[in-house]
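A.B. asks: coords please:
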Amino acid sequence: MSLDWIYYAISWILLRWHALWDAIGVSDGRVLGTNWAWVLSIFFLVVTLRVILFPVFVKQIKSQRAMQALQPKVKELQEKHKGDRETLQKEMMELYRTEKANPLMGCLPMFLQIPVFLGLFHVLRHLNPNLSDKFKVLYGWSLEQFNSAAGAHLFNVPISAKFGSTQAELDALGANATTVKILAGILILTMMATTFLTSRQMILKTGWAEDPQQKMVQRLMLYGIPFSLLISGSLFPIGVVIYWVTNNLFTLAQQQWVLRKFPPPQTANKAGSAARTSSGSANRSGDAKNPVQPARTGGLFGRKPAPEPVGPVVDTKALAPKPGAKPVNPKKGTRPANKPKG
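C.D. replies: Numbering: from 1, shown residues only. This next block holds a predicted model:
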């Protein structure tokens, strides 16, 4: 299937934003080694797409809440059909169908952004100043717009360059290899970190899923995708990395707002809370001054370690003999040894 419609759509949005910045006086000239009109166009491409996808994001949150509410039932099915994986899968699919919950809805916004990412990737790779004029005017670009975008820089690095660019490609762009690798490396590490934080933020607020398949997806999102960017990021043009980092920062802010305004229910962590409450109650009965404190969440970066439980304190006064009480002989009932006769 041809993806030209995606290339035209991405190009159209980029060009409309560039026209807006040009109209309000943001020129194509470099300031601090950066052509801000094109960098801002990529930034607001993210804003445009995230506004369009906001209803999908709301559905994603609702689906995650529905899946969270089903965790106790999922746990029951896992205990009931332990060892019978086929029956367990059938019962869980029936549960999802009955409760109108979709396990894949949580990944839908990411899947919808894949065509956008591919389109931007292709368009930025297409910005090659060595192309003939007939190819420069593809996807709705004028010759002037193409030449301006092909020469756009971020801190003196072309936005169409990448960490893995060959020397021939860098020579065509008039770029310095060391400068490109330093800036691209910093952006790739930032991309990995913000990708990890977006997933970590959601897991800290909603908890790990009880369903093994859902938990596997969560682990893939948390660890697999950021690690894969260490390799694949070297193939991304710097403009694509700018898009990815901006998208992650927007996601962090959006998730923080939604999760604060609509906090997740506590059903997913019900068992863990009950266990901590029971432990705390038992500890208070033995020592009211030193209860076991439950672990607290620590923002985006994980949990703070819970303090070690303190054992019950022995009351030495209670063990001491009361006044007037007969002394207790621990050796009572045993025959004393005969003293040797002098």
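A.B. asks: burial count for residue 62?
C.D. replies: 14 (other C-beta atoms under 10 Å). The C-beta positions use only the backbone N, C-alpha and C, and glycine is treated the same way.
A.B. asks: Please tell me how far it sits from residue 101.
C.D. replies: Going from residue 62 to residue 101 by C-beta to C-beta, to the nearest Å gives 10 Å.
A.B. asks: Test for you: state the pLDDT assigned to residue 35.
C.D. replies: Residue 35 carries a pLDDT value of 93.
A.B. asks: which one is it nearest to, not counting chain neighbours?
C.D. replies: residue 152 (4.1 Å; C-beta to C-beta, 6 or more residues apart in numbering).
A.B. asks: Next up, the contacts around residue 263.
C.D. replies: residue 205 (C-beta atoms under 8 Å, 6 or more residues apart in numbering).
A.B. asks: Swap in 6 Å and give it another go.
C.D. replies: If a contact means C-beta atoms under 6 Å, 6 or more residues apart in numbering, then residue 263 has no contacts.
A.B. asks: So it: helix, strand or coil?
C.D. replies: Recorded secondary structure, residue 263: coil (DSSP: H, G, I helix; E, B strand; the rest coil).
A.B. asks: where's it relative to residue 46, distance?
C.D. replies: 27 Å.
A.B. asks: Likewise for residue 250?
C.D. replies: From residue 250 to residue 46 the distance is 6 Å (C-beta to C-beta).
A.B. asks: neighbour-wise, which of those two wins?
C.D. replies: Between residue 250 and residue 46, counting by other C-beta under 10 Å, residue 46 is the more crowded of the two (22 against 18).
A.B. asks: Settle this for me: that one is touching residue 247, isn't it.
C.D. replies: Yes: judged on C-beta atoms under 6 Å, residue 46 makes contact with residue 247 at a distance of 4.9 Å.
A.B. asks: My guess is residue 18 contacts residue 41. True?
C.D. replies: Yes: under the criterion of C-beta under 6 Å, residue 18 makes contact with residue 41 at 4.6 Å.
A.B. asks: check contacts around residue 203.
C.D. replies: Here residue 203 is in contact with residue 218 (C-beta under 6 Å, 6+ apart).
A.B. asks: got a pLDDT number for it?
C.D. replies: pLDDT at residue 203 comes out at 79.
A.B. asks: Now it: phi and psi?
C.D. replies: phi -70, psi -40 (degrees, to the nearest 10).
A.B. asks: Would you check how far apart it and residue 255 are?
C.D. replies: 11 Å.
A.B. asks: since we're on residue 230, how many residues are nearby?
C.D. replies: Neighbour number of residue 230 under other C-beta under 10 Å is 12.
A.B. asks: Just the pLDDT for it.
C.D. replies: For residue 230, pLDDT reads 88.
A.B. asks: and what of residue 117?
C.D. replies: For residue 117, pLDDT reads 81.
A.B. asks: measure it to residue 232 for me?
C.D. replies: In terms of C-beta to C-beta, residue 117 sits 11 Å off from residue 232.
A.B. asks: The two: which has the busier surroundings?
C.D. replies: Taking other C-beta under 10 Å, residue 117 and residue 232 do not tie; residue 117 has more neighbours (17 against 11).
A.B. asks: Could you confirm the more buried one falls within a strand?
C.D. replies: No: using three-state DSSP, the assignment for residue 117 is helix, not a strand.
A.B. asks: Begin at 9, not 1, for the rest of this chat.
C.D. replies: All right, first residue 9 from here; so that's residue 125.
A.B. asks: Which residue ranges of the stretch 159-308 of the chain form helices?
C.D. replies: 175-181, 185-214, 220-227, 233-240, 246-269, 278-294 (DSSP state H, counting those that start in this stretch).
A.B. asks: Any chance of those in JSON lines with distance to residue 79 as columns?
C.D. replies: Formatted as JSON lines, those follow (distance: least, C-beta to C-beta, whole Å):
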{"stretch": "helix 175-181", "distance to residue 79": "50"}
{"stretch": "helix 185-214", "distance to residue 79": "10"}
{"stretch": "helix 220-227", "distance to residue 79": "9"}
{"stretch": "helix 233-240", "distance to residue 79": "24"}
{"stretch": "helix 246-269", "distance to residue 79": "18"}
{"stretch": "helix 278-294", "distance to residue 79": "8"}
